[in-house]
Structure formats: C-alpha cells, structure tokens
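1. Structure for the following, please:
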Amino acid sequence: MRRHPALRRSDAGGPSPPDSSAPSDSGAPPDGAALPIGARSRLVARVAVAVVLVAVALWVAREFLSPLAWAILLAITTWPVYSRFCSLMSNRAARLLAPLLFTALVGALVIGPVVLTVHQIAQTSDTLVAWTTELRQNGIPVPSWVARLPLVSDYVVAWWQANLAKPEAALAWVRQVNIESVTVWTGALGGELLHRVILFLLTLLMLFIMFRDGAWIAERAVETADRILGDPGERMAAKIADAVRGTVNGTVVLAVAQGMVIGIAYVAAGVPNPLLFVLMTIAFGMLPFGAWAVFIAAAIVVLAQGGSVWAGVFVFGFGATVMLLANLVWPALVGSTAQLPFLLAFIGIFGGLQTFGLVGLFVGPVIMAVLLTIWREWLASPAAPAE
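-> Here you go, the predicted structure:
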C-alpha cells in the first residue's frame, strides 16, 4: 500500500506532520487556549467581570440587604459574648445548639421592649374606653389650664366649648374624620407591620447563619482584605468591627440613660403610667430626636388629664434639655468607643441616618472609621528613611 509522502518523511526522521494545536496562519487561537493578551488586560477583564457580577448580585438581593446588614451588625456586636457562650458547651453542641439558642436570646432582647410596651398599652385600654364613654355622654369639659394660657386662652376656650364640651358637638367633630381614609391608613399600617415582622424573622435567620459560620466568614473576609489591600487589610477589618461595636454599645447605653433620666420628670410631674413612657423613651431614644415625640406626648397627656400647665412645661423643658445634651454626648460617646474624632462621628451618625435610613446610624460611623484608617495608613504614613 502506497503511503503519503509526508508520512514517509516523518518515518524517516524528517519534519513531523503539522500539529493541530498550533496556531494557524490566520492568527485565530486554538480551542481552549487563552486569548493572546497581556497580563494587565486580563486583570482589567477580571475586575470588570467581578464588578458586574457583584452589581447584579446586589440588585437581585436588594430586598434582603437591610436584614442582612442588621444581622451582620448584631453578629459583630455580640460576637465576644457569643464566644464566651460557646465555651460553656461541648464542641458538638456548640456547632448547632449554641447559635440557635443565642439567636433566640438576641431576638428576645430586641423584641422584648416592644412586647412590654404593647402590654402596657393594652393595660391602659380601659382608660381609652372610659374616655370614649365620657365623650359620648358628657363631652370633654374645658381643662382648667386652658383658661390660664397666655394670649390665646379666650380663643381656645371658645373653640373647645363649641367642638368638644357638648356631647353633640364632640360627636359631630369626630364624625368629620374621613372613615375611608382611616380604613386605608389602618390597612397600610397592618401591611407595613407584617412586612416588618417578616424582615425581623429573616434577620434572625441570617443572624443564626452568621453565628454558625461566623469564624469561617471572618477568616475569609480577613484573607480577602489582605490579598486586595495588603498589610493594612486586617487592621481595617478590625477597625470596622470596633466601629460597629462602639456605635451599637454607645447608642444603647445612651438611650437607656436618657430614658431613665427623663423618667424622673415623668414621675415628678405625675404622668400616668410612667413606666410605659420610660420604655417608649428608651426605644425611641435609639433614633435621633426620637424621644422628643414621647415626652411631648407625655406633656400633652398631663395637660389633658387636668394637670397644671407648669407640670406639662416641666416635662417638656426637662426632656428637651436632656435630649439636647444627649445629642451632643452621643457622637462623643460613639467616637470614643470607635476611636473616631467628634466631627467624623457626628457626620457618620446623622449623615448615615439621612442616607441609609435607620441602619445608617451604624453604617455611617463604620464608613468614617474606614476612611480614617485609609488616611492614617495609606496617605499620612511617614515615608521610610533612606539608607
């Protein structure tokens, strides 16, 4: 059988047949080979692909970013306590039982004040029923403090007698409220409440995962920071954790303190059910200017139940003084625990609240802490002396 001349030359030690894996004369790369581009171009392509994938992932998970952020904040804040809690159990039980029990404990501490407040409000429902019955039967008599109001007492007394003092006028004034609007508002409130409950349950689920796999997640985060940022990466991760813990601890401590101090005014002025108002002041005190609504409502309640004008003024004035001082102490307290200057802590807290909502109270100082770390270690670090 005759063979092809090229094959006969190969057998004789001549040139081998063309390799199918070698690039053709047309310049097209073979199947499975990398594109003939430089290392810099490949790096740019990888970064571009990574940025696009991260953006798409954030867009897909946008509805879950808020509970995820809360879970991360709670996990970072409570991690030292959780580590001690795990040391009380065996290694096998600590793997699943410890994160489950600690998540339930954190959930109870978060939802406990809300449940207690609702319970206190439910106990005062008899007062609301009695007030409604009095409104239907006798109307609402003009309180004595209204006649002592400066400048506008005559106008307020005349309006009160025309709209609230007589039962017929009071009921007619109440009927002016748009029932359909109230129904729509109540339905929207119920839907929003259900949405918040679902987000809270999702936060607890994510918090459980953070506790269970927190060590692995932290190790991967530090390793990624080291590979991307170099030596300052681990210090930056530690700075983020310190900023989160300092912000949360400072906020909670200050809210409890201002609630207890303003509670003195509630008791001294004779505010009904002062424990309820103290709990509400603590809960709303974790928001900037949130406690203002509580002690203003307490002052109105004192006046509505026949208390003196000076008692209402005392509650408002005392609460306003405490809150003004607290709003100055808050950034200083957060800044000292998170090692932030007062100005950066102030901008981080209130700027984060305006930009990101409630979670921005804690995200803002973290951003400021990272910015300060970058400035100190990357931009302001002294140059090494020349040899």
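2. How far away from the center of its chain is stretch 93-103?
-> The chain centroid and the centroid of stretch 93-103 are separated by 24 Å, computed with Cα atoms, centre = their mean, to the nearest Å.
3. try stretch 248-261
-> With Cα atoms, centre = their mean, you get 16 Å for stretch 248-261.
4. Now do the helix or strand where Val44 lies, average pLDDT.
-> Taking DSSP states H and E as the criterion, Val44 maps to helix 39-60. Average pLDDT, helix 39-60: 86.
5. now stretch 345-356
-> Mean pLDDT, stretch 345-356: 84.
6. now do stretch 268-282
-> The average of the pLDDT scores along stretch 268-282 is 86.
7. before we move on, the earlier item: in the very next helix or strand once past the helix holding Val44, which residues are buried?
-> Next along the chain after helix 39-60, taking DSSP H and E as the criterion, comes helix 65-87. Counting neighbours by 16 or more other Cβ atoms under 10 Å, one finds that the buried residues in helix 65-87 are 66-79, 82, 85-86. Heads up, the C-betas are built off the backbone N, CA and C, glycines and all.
8. Around Arg46, how many other residues sit close by?
-> Arg46 has 10 neighbours, counted by other Cβ atoms under 10 Å.
9. cool, and Val244?
-> 23.
10. check contacts around it.
-> Shown in contact with Val244 (Cβ atoms under 8 Å, 6 or more residues apart in numbering): Leu73, Ile76, Thr77, Phe362, Val366.
11. tell me which element it falls in.
-> helix 232-269.
12. And that helix, what's buried?
-> 232-233, 236-237, 239-248, 250-251, 254-255, 257-259, 261-263, 265-266, 269.
13. Specify the angle between it and helix 65-87 in degrees.
-> Calculated by axes from the mean of the first three to the mean of the last three Cα atoms, to 10 degrees, helix 232-269 forms an angle of 90 degrees with helix 65-87.
14. Now do helix 232-269: distance to the chain's middle.
-> Its chain's C-alpha centre lies 13 Å from the corresponding centre of helix 232-269 when counted by Cα atoms, centre = their mean.
15. next one: stretch 72-84
-> In terms of Cα atoms, centre = their mean, the centre of stretch 72-84 is found 16 Å from the chain centre.
16. Could you give the average pLDDT over that stretch?
-> 90.
17. So that it lines up with my notes, have the first residue be 36 from now on.
-> Shifting the count to begin at 36 puts that one at stretch 107-119.
18. What's the biggest helix in the chain, counting residues?
-> Taking DSSP state H as the criterion, the chain has its longest helix at helix 214-264.
19. Packing partners of it?
-> Contacts defined by 3 or more Cβ pairs under 8 Å, 6 or more residues apart in numbering; DSSP states H and E place helix 214-264 against helix 100-122, helix 126-158, helix 267-304.
20. so where's the stretch 236-385 of the chain uncertain?
-> Applying pLDDT under 70 to the stretch 236-385 of the chain flags the ranges 266, 323, 372-373.
21. switch the cut-off to 80
-> Across the stretch 236-385 of the chain, the ranges flagged by pLDDT under 80 are 260-274, 321-325, 338-344, 362, 368-375.
22. Also the stretch 86-235 of the chain?
-> Residues of the stretch 86-235 of the chain that meet the criterion pLDDT under 80 lie in 125-130, 147-192, 194-228.
23. quick revisit: what distance separates the longest helix of the chain from the middle of the whole chain?
-> 9 Å.
24. Stretch 366-384 too?
-> Mean-position distance between stretch 366-384 and its chain equals 17 Å (Cα atoms, centre = their mean).
25. So what touches it?
-> Contacts to stretch 366-384, defined as Cβ under 8 Å, 6+ apart, come from residues 274, 277-278, 280-282, 284-286, 288-289, 323, 365, 396, 399-404, 406-407.
26. and the angle from the helix holding Val79 to helix 100-122?
-> 90 degrees.
27. just checking, what packs against helix 74-95?
-> Under the contact criterion of 3+ Cβ pairs under 8 Å, 6+ apart, helix 74-95 touches no helix or strand at all.
28. re the thing from before, quick one: name whatever helix or strand follows the helix holding Val279.
-> Next along the chain after helix 267-304, taking DSSP H and E as the criterion, comes helix 309-319.
29. and that following helix, which residues are buried?
-> Pro309, Leu311, Phe312, Val313, Leu314, Met315, Thr316, Ile317, Ala318, Phe319.
30. out of these, who's nearest Phe330?
-> Closest approach to Phe330 among the buried residues of helix 309-319 (Cβ to Cβ): Thr316, at 6.6 Å.
31. Surely the closest one touches Val329?
-> Yes. Contact criterion Cβ atoms under 8 Å: Thr316 and Val329 qualify, at 4.7 Å.
32. hang on, the earlier thing: could you check how far the helix holding Val79 is from the centre of its chain?
-> Between the centre of helix 74-95 and the centre of its chain there are 28 Å (Cα atoms, centre = their mean).
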